[in-house]
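> Sequence and predicted structure, then a few things I'm wondering about:
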Amino acid sequence: MCKLYVISGVTGMTGNELVQQILIDKECKDHIIGFDNFYASSIETVKDFLDDRRFDFLEYDLNNKQQMDDVEKRILAMKSQYDEIIYINCAAVVHTEHFYHVYETFETNVTGMNEFLQQAIRVGAQKFINCSTSEVYSMESWNENGGVREDSYLLISHAEHSQRTSYAVGKLLTEFFMKDAVDTGKIKGCSIRFANVYSKNERYPKHIIPFIINSLKDNGKVTLLENSRKNRRTFLNNYDSCSAVLALANTDTALDGSIYNVATDEEITIIALAELCAAKMGIKNPVIDFKGFRASDPERRLLSTEKIRARTSWKPVVNLDKGLDECIENYLKEAAK
């Protein structure tokens, strides 16, 4: 079966890894139309595929109607050559620093996602994968029985506490858009709530793992938020997050409009994470300072992945130890250039 993938946010952390995994087989005849506005990414992440005839890259903005109309025209002109059209929405304002800015997150994460979904329906796409977030669990992000499940009720921080949850509420709304489209027979699809995703190829040190590694590299110490004295997280390697996207896209019975947690069960404290990175970098007894506080930040985020494991063959294959080794090696190599 020959597939046409349409990927928003294609140079971002999820998008560029999907390109790698889809096109790694040189004999594969699938094709990708991908676009990005470089809001938090770089063309460097897909440079190895720019000359690949199976990849059309467009410097387009999800919120630009004229540009999105052009994407739609391209797909309509190509669709007869493919057995299946799969839309994957990776475009999102995702860095924590933006979570507190309602308007920055709403246009892309909510309006943009729904317009992209409606385009997929208009062109007759068979499937739509909606990348959501585990932020929707907000203050009840774990339990004692193997992690929160997709059908768990939510305990959400709101505007009386912090603006942070506006990001989560926006992503939650996209899950309703997705479910409605499937329930009304317009398309097959699902939403994915990712845990804390990290990548060896991440260019911008805004997420916690690249932040820690770069701080240790530059200063020999790291300054964490006061929350980090208690916080624990699981970290999902980007290879595994993207293999989950493709596993779901290739499993029709799983595309019932529902939600899937994608995570690992390797929980670690943020302090232990910093110490582990330091040890791998040959830094003994690293200095760890604490400054600042993040409102509405859950102490733990532990997700159950029983549902996706039961419905697909997916399971994570990159453990944290291996993933950190890859990150450190790549970040230091890039810094030396």
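Good, I have the coordinates. Numbering: from 1, shown residues only.

> where in this structure is pLDDT low?
For the chain, the stretches flagged by pLDDT under 70 are 40, 92-100, 203-205, 337.

> Just the strands from it, written as ranges.
3-8, 31-35, 55-58, 84-89, 127-131, 188-194, 196-198, 221-224, 232-237, 256-262, 267-269, 287-290 (DSSP state E).

> which helix in this protein runs the most residues?
Using DSSP state H to define each element, the chain has its longest helix at helix 165-183.

> and it, which residues are buried?
165-175, 177-179, 181-182 (16 or more other CB atoms under 10 Å). All C-beta spots, glycine's among them, are computed from the backbone N, C-alpha and C.

> Over to stretch 310-319?
For stretch 310-319, by 16+ other CB under 10 Å, it's 311-312, 314, 316, 318.

> Relative to the whole chain's centre, how far out is that stretch?
16 Å (CA atoms, centre = their mean, to the nearest Å).

> Distance across that stretch, terminal residue to terminal residue?
20 Å (CA to CA, to the nearest Å).

> Show me what it is in contact with.
236-237, 239-240, 243-244, 247-248, 250-251, 253-254, 260, 262, 264, 266, 308-309, 326 (CB atoms under 8 Å, 6 or more residues apart in numbering).

> re the thing from before, nearest to Asn231, of the buried residues of stretch 310-319?
Pro316 (21.1 Å; CB to CB).

> From Lys26, how far off is that closest one?
According to CB to CB, to the nearest Å, Pro316 stands 26 Å off from Lys26.

> Touching, Ala244 and Ile192? I think so.
Yes. Here Ala244 reaches Ile192: they are 6.7 Å apart, a contact under CB atoms under 8 Å.

> Mind listing the shared neighbours of these two?
Common neighbours of Ala244 and Ile192 (CB under 8 Å, 6+ apart) are 260, 262.

> of those two, who's got more company?
Just comparing Ala244 and Ile192: by other CB atoms under 10 Å the higher neighbour count belongs to Ala244, 25 against 22.

> Excluding sequence neighbours, find me the nearest residue to the more buried one.
Val262 (4.3 Å; CB to CB, 6 or more residues apart in numbering).

> unless I'm mixing things up, the one you found is touching Cys242, no?
No. Counting by CB under 8 Å, Val262 does not reach Cys242; the two are 9.6 Å apart.

> burial of Asn196, as a residue count?
17.

> so which of the strands of the chain comes closest to Cys277?
Of all those, strand 221-224 comes closest under CB to CB, at 8.3 Å.

> just how off-centre is the closest one within its chain?
For strand 221-224, the distance to the chain centre is 25 Å (CA atoms, centre = their mean).

> Now do it: everything it contacts.
Residues contacting strand 221-224 (CB under 8 Å, 6+ apart): 211-212, 215-216, 270-271, 274, 278, 286-291.

> Most widely separated two among those residues?
Across these, the longest distance by CB to CB is 18.2 Å; it joins Ala278 and Lys291.

> Pick out whichever of the two has more residues nearby.
Neighbour count, other CB under 10 Å: between Ala278 and Lys291, Ala278 has more, with 22 against 8.

> show me the residues around Tyr87 that make contact.
Contacts of Tyr87 (CB under 8 Å, 6+ apart): 5-7, 116-117, 119-120, 125, 127-129.

> One more: Ser304?
By CB under 8 Å, 6+ apart, the neighbours of Ser304 are 146-150, 261.

> From what I see, Arg193 and Val262 are in contact.
Yes. Because the distance of 7.0 Å satisfies CB under 8 Å, Arg193 is recorded as touching Val262.

> Helices along this protein, start to end?
13-23, 65-78, 102-106, 113-122, 165-183, 208-219, 238-249, 270-280, 306-311, 320-335.

> Can you list the buried residues in the fourth one?
It refers to helix 113-122. For helix 113-122, burial by neighbour count (16+ other CB under 10 Å) applies to 113-114, 116-117, 119-120.

> Closest to Gln81 out of the residues you listed?
Closest approach between the buried residues of helix 113-122 and Gln81, by CB to CB: Ala120, at 17.4 Å.
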